[in-house]
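1. sequence-free structure coming up:
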């Protein structure tokens, strides 16, 4: 979910108040993708109780039922991280040491639960957090080539603390508001496409091929897992267009049950073998949908606190360590900007300038999450684009995040049960939410190519490079260059110059490291 630099997920990252032109919620709370104008607030309705007042459930035109439903949907859409994160972090570091699979799975669920609860209670928006897969890719490479696991986790903690300082000084929010509306809309649209390709890749509909990607297996939709995805996609689509309450959640549950029956009859097995190589092209992508023999398991939390704050500086030098912290920080910083923008837009939560009202607590929790993930040895935690799935199913407040967080805490003790939901059952929801989000493309300005090109690069690079950060960076740099080229440099916000310069360094990081 993932900049990977993911799923995804927008999903504005980890990314809201009501945007002009943003899709309004239907009576059931499910976005339709129509061009209905933003609704007027109408007469103020008194909250029903203290919980309603605190989370602004009635004020945001939601209900306790919708928040519960949305929280459940978000959890089931991103529960894969409990299984996928230990797979990513199970490789050996430079000393040959590995992180225990069961412990990483349990702590991943625990940290996601605590931080998502914090986001719901403090941030009060329907945003869920977990280990960022895109950052994990960076972490895994450095652990395999340069650092030990405690050392790389120490750098992740430092990165999180630096971003927290930027939040407390107001810099992070200032950057968020400095991004022009055209690019914010493009970010939301780009993440819609990003979610779609994540869903298609998770289901095996698109795979690495020659020259770039291929369709299914040898150009055909072969195998029961793909059929499961297609059934789930069609079923969920029908539920959404029929405006069935809880359409996305029902789609996940029904598709999972179908997958369990299919696996029980056909005995398909996983796509990859024990060594990670593809052994069965027709197999399930990640989790095999079978009922586990053991449902409950006492969590192993032994890896919490196993980090070395400055060990990486001693091993590879100050400059090299600083560059690693910088690369992780940029990915973390702008993934969140994209996610909050996209999720806020989908939930009709952005203001007229496409900014998220009262975003400071949201950004603070997200920043502390990066440090907390490193301190727990499960890598930086960040706001998930999959939060858009819950928003698409009606969630509008932090109460949904409380539900999602509580489920992650329960999953800490029931990690075997979480593995029942295959990615093929969750993938249809990502595709549907992607369709909801790309409807915002109508709000882009098409008459000025100096605005069209940055928007296009933002939209295109997110799915094609599997990175929210790359899309935002390409859009920001090209926006500044083209504003100057057309004699409108004075229209560029001063902070946009700073952000563009930072992205130039980010994109040139490898040559810079080679020179140094």
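-> On my side now, so go ahead. Just so it is clear, the model here is predicted, and its values are computed rather than measured.

2. quick one: the strands in the stretch 351-500 of the chain?
-> Taking DSSP state E, counting those that start in this stretch as the test, the strands found in the stretch 351-500 of the chain are 381-383.

3. wait, residue 161 sits on residue 371?
-> Yes. Here residue 161 reaches residue 371: they are 5.2 Å apart, a contact under Cβ atoms under 8 Å. Quick note: C-beta positions are derived from backbone N, CA and C, even for glycine.

4. the two: which is more packed in?
-> More crowded of residue 161 and residue 371, by other Cβ atoms under 10 Å: residue 371, with 21 against 16.

5. per-residue confidence at that one?
-> You'll see residue 371 listed with a pLDDT of 96.

6. mind listing what it touches?
-> Shown in contact with residue 371 (Cβ atoms under 8 Å, 6 or more residues apart in numbering): 156-157, 159-161, 164.

7. just the closest of those to residue 305, please.
-> residue 157 (10.6 Å; Cβ to Cβ).

8. report how many residues lie close to that closest one.
-> Using other Cβ under 10 Å: residue 157 sits among 21 other residues.

9. same check, this time on residue 350
-> Residues lying near residue 350 (other Cβ under 10 Å) number 31.

10. for residue 298, see how far away the closest residue to residue 489 other than its chain neighbours is.
-> Of all residues not flanking residue 489 in the chain, residue 483 sits nearest, at 5.6 Å (Cβ to Cβ, 6 or more residues apart in numbering). Relative to residue 298, residue 483 is positioned 58 Å away (Cβ to Cβ, to the nearest Å).

11. more neighbours, those two?
-> Per other Cβ under 10 Å, whichever of residue 483 and residue 298 has more neighbours is residue 483, with 19 against 9.

12. for the more buried one, give me its contacts.
-> Taking Cβ under 8 Å, 6+ apart as the criterion, residue 483 is in contact with 450, 489, 491-492.

13. same check on residue 241?
-> With contact set as Cβ under 8 Å, 6+ apart, residue 241 has no partners.

14. for stretch 398-414, buried residues please.
-> Buried residues in stretch 398-414, defined by neighbour count with 16 or more other Cβ atoms under 10 Å: 398-409, 411-414.

15. strands along the stretch 51-200 of the chain, start to end?
-> With DSSP E, counting those that start in this stretch as the criterion, the stretch 51-200 of the chain has strands spanning 129-131.

16. in it, where is pLDDT below threshold?
-> For the stretch 51-200 of the chain, residues meeting the criterion pLDDT under 70 lie at 134.

17. excluding covalently adjacent residues, which one is nearest to residue 480?
-> residue 500 (4.3 Å).

18. wait, that neighbour sits on residue 477?
-> Yes. Using Cβ under 8 Å, residue 500 is in contact with residue 477, at 5.0 Å.

19. more neighbours: those two, which one.
-> For residue 500 versus residue 477, neighbours defined as other Cβ under 10 Å are more numerous around residue 477 (21 against 17).

20. contacting residues for the more buried one?
-> With Cβ under 8 Å, 6+ apart, residue 477 has these contacts: 500, 503-504, 507.

21. 7 Å instead?
-> With contact set as Cβ atoms under 7 Å, 6 or more residues apart in numbering, residue 477 has these partners: 500, 503-504.

22. all helices of the stretch 51-200 of the chain, in order?
-> 64-78, 81-88, 101-118, 133-145, 149-168, 171-178, 181-203 (DSSP state H, counting those that start in this stretch).

23. how far off centre is the fourth one?
-> The chain centroid and the centroid of helix 133-145 are separated by 17 Å under Cα atoms, centre = their mean, to the nearest Å.

24. before we move on, what about stretch 265-273?
-> The mean C-alpha position of stretch 265-273 is separated from the chain mean by 28 Å, Cα atoms, centre = their mean.

25. can you give me phi and psi for residue 214?
-> Dihedral pair for residue 214: phi -120, psi 160, per degrees, to the nearest 10.

26. that one contacts residue 207, correct?
-> Yes. Counting by Cβ atoms under 7 Å, residue 214 does reach residue 207; the two are 5.4 Å apart.

27. longest single helix anywhere in the protein?
-> Longest helix of the chain, by residue count under DSSP state H: helix 318-346.

28. now that helix: buried residues?
-> Those would be 320-321, 323-346, for helix 318-346 by 16+ other Cβ under 10 Å.

29. redo the contacts of residue 477 as TSV? Include pLDDT and distance to residue 468.
-> Converted to TSV, the contacts of residue 477 look like this (pLDDT from 0 to 100; distance: Cβ to Cβ, whole Å):
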residue	pLDDT	distance to residue 468
500	94	17
503	92	13
504	93	18
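
30. ok, so of the buried residues of stretch 398-414, who is nearest residue 281?
-> Nearest to residue 281 among these, with distances taken as Cβ to Cβ, is residue 411, at 30.0 Å.

31. could you measure that closest one against residue 80, distance?
-> Residue 411 is 11 Å from residue 80, by Cβ to Cβ.

32. residues in contact with residue 67?
-> By Cβ under 7 Å, 6+ apart, the neighbours of residue 67 are 57, 395, 397, 399-400, 403.

33. over to residue 157?
-> By Cβ under 7 Å, 6+ apart, the neighbours of residue 157 are 307, 309, 371, 374-375.

34. and residue 149, what does it touch?
-> For residue 149, counting by Cβ under 7 Å, 6+ apart, the contacting residues are 93, 97, 99, 143, 377.
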